[in-house]
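Enquirer: A structural model of the following input is requested.
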Amino acid sequence: MDIDWAALGTVFGVSLVATVGLVGLFTLGVVGLARKPAAEAGTATAPAAASPAGTGRGPAQAVRAGSYACFALCAAAVAYGIYLIVA
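Expert: Here you go, the predicted model:
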């Protein structure tokens, strides 16, 4: 029995980077959803918490959308991994 140490090291490195990346992405999503808007936290005045440039969307909605994007990327990575295993 002969072990290909280079291939084993490559698999270890790729799996480590992928795992750290997915956990970091998921953590960003959780942190983004856990943050309270400044107006709810009582730390900002009304003008500071107003919507930028009359868009009707404040920073809280942008953070929430970014969190959902992080979760969508995590789900896509998991689905791709399942696809690779099944195929």
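
Enquirer: so I3, which of the three states?
Expert: Under DSSP: H, G, I helix; E, B strand; the rest coil, I3 falls in the coil class.

Enquirer: make that K36, sorry
Expert: Classification of K36 using three-state DSSP returns coil.

Enquirer: the helices in the protein, which residues?
Expert: Assigned by DSSP state H, the chain shows helices spanning 5-34, 38-41, 59-86.

Enquirer: could you dump these into a markdown table with mean pLDDT added?
Expert: Shown next, in a markdown table, are the helices of the chain (pLDDT from 0 to 100):
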| stretch | mean pLDDT |
| --- | --- |
| helix 5-34 | 95 |
| helix 38-41 | 61 |
| helix 59-86 | 94 |
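
Enquirer: make CSV out of those helices and add mean neighbour count.
Expert: Any C-beta I mention is one placed from the backbone N, CA and C, and that applies to glycine too. Formatted as CSV, the helices of the chain follow (neighbours: other CB atoms under 10 Å):
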stretch, mean neighbour count
helix 5-34, 12
helix 38-41, 13
helix 59-86, 13
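
Enquirer: what sits against the nearest residue to L25 once chain neighbours are set aside?
Expert: Leaving aside its chain neighbours, L25 sits nearest to C70 (5.1 Å; criterion: CB to CB, 6 or more residues apart in numbering). By CB atoms under 8 Å, 6 or more residues apart in numbering, C70 lies in contact with L25, F26, L28, G29, G32.

Enquirer: between those residues, which sits nearest A76?
Expert: L25 (10.4 Å; CB to CB).

Enquirer: and the gap between the closest one and S67?
Expert: 10 Å (CB to CB, to the nearest Å).
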